[in-house]
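Chemist: generate a structure from the sequence data that follows.
(one chain, ligands or ions: 1)
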Amino acid sequence: MIEVQNLSITFNPGTPNERRALKDISLRLENGEFACIIGSNGAGKSTLLGSIAGDVPLSGGRIMVSNTDVTKLPAEQRATYIARVFQDPLLGSCGDLSIAENLALASARGRRRTFRRALNRHYIETVKGRISELGLGLEDNLSQPMGSLSGGQRQALSLVMATLSPSSVLLLDEHTAALDPRNAEFVLDLTKRFAERYGLTVLMVTHSMRQALDMGTRTIMLHEGNIIFDASGSHRKDLTIEDLLAQFRRVRNEDISEDRLLVG
Ligand SMILES: Nc1ncnc2c1ncn2[C@@H]1O[C@H](COP(=O)(O)OP(=O)(O)OP(=O)(O)O)[C@@H](O)[C@H]1O
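Modeler: Numbers count the residues shown, from 1 in each chain. Here you go, the predicted model:
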């Protein structure tokens, strides 16, 4: 589960560059829930993910992950609970290390296991099975440097790595945005499969209205640091892309007060 209580993030407070990126937002995702986050540029989507992961300091509020208060934990310690895949396939894995070494690092994350132990033969055989499932033929070439792989291959492996650690929370920040449509489809399909199979709680940022409705169980829209729309169940099932676009138009064109946005 993920719970964000009265979360506020202000960058450069008290300076001419002050920017209130998140304004007292609250949100709870139950175990196994999969929410897509949409919103226009600067809405606060990445800041929300960054604050949950521990990269962005809070100005106020509290964050719970898997029933643990992580508000004061540094990002390294939160890695026990949280896995991430970024938009840039080069982030989140080490291009100079081999596939096997990257997988060993992922497996050691959040565990009392050393890198060397994680690289043992038994472990390699286990992850080989997981990689062969991808159907990319990478399992026979585990000594290949991660940096030599295509963006789609790297994102697919990043998803495998995310499921090797004990964490049950997965944060995805536009993780298919840099891929061509075929690879994006492949990685999205993998995301769905892994989320279901491992019962992950997922927060996925996307700019695609289609993905926001097709992926997961919930669609949340941020606008200027507020949650202005949160749909799940039958409400979400009936939504169309046009409905989401109408929401965007409404908040962009109308001069709506902050109070109205929060209620809307
Ligand atoms: N490190 C930072 N320092 C100062 N301001 C920041 C910082 N990071 C983000 N911001 C500001 O906070 C606001 C929210 O940014 P954020 O990156 O979370 O938006 P986003 O919804 O992810 O946007 P996009 O869709 O463009 O990626 C923006 O106004 C941005 O300029």
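Chemist: please count neighbours and contacts with C-alpha atoms only from this point.
Modeler: OK.
Chemist: enumerate every residue touching the residue of the stretch 51-200 of the chain found nearest the ligand.
Modeler: Across the stretch 51-200 of the chain, the shortest distance to the ligand (CA to the nearest ligand atom) belongs to V56, at 7.8 Å. V56 sits next to T47, G50 when contact means CA atoms under 8 Å, 6 or more residues apart in numbering.
Chemist: let's see that with 6 Å instead.
Modeler: Contacts for V56 (CA atoms under 6 Å, 6 or more residues apart in numbering) come out as G50.
Chemist: ok so it is a helix residue?
Modeler: No - V56: not assigned to a helix; according to DSSP: H, G, I helix; E, B strand; the rest coil it is coil.
Chemist: helix, strand, or coil at A43?
Modeler: Of the three states, A43 takes coil according to three-state DSSP.
Chemist: check whether stretch 80-100 contacts the ligand.
Modeler: No - Stretch 80-100 does not reach the ligand (CA under 6 Å from any ligand atom); its nearest approach is 9.9 Å.
Chemist: now that stretch: how far from the chain's centre is it?
Modeler: Per CA atoms, centre = their mean, to the nearest Å, the displacement of stretch 80-100 from the mean C-alpha position of its chain is 12 Å.
Chemist: all strands of the stretch 1-150 of the chain, in order?
Modeler: For the stretch 1-150 of the chain, the strands defined by DSSP state E, counting those that start in this stretch occupy 2-11, 19-29, 34-38, 60-65, 68-69, 82-85.
Chemist: compare these and give me the one nearest G225.
Modeler: Evaluated with CA to CA, those place strand 19-29 nearest to G225, the distance being 3.9 Å.
Chemist: tell me which residues of the closest one come out buried.
Modeler: Counting neighbours by 16 or more other CA atoms under 10 Å, one finds that the buried residues in strand 19-29 are R20, A21, L22, K23, D24, I25, S26, L29.
Chemist: any idea which of these is closest to N41?
Modeler: Closest to N41, out of all of these and judged by CA to CA, is A21, at 11.3 Å.
Chemist: wait, doesn't A212 sit right on C36?
Modeler: Yes - counting by CA atoms under 6 Å, A212 does reach C36; the two are 5.3 Å apart.
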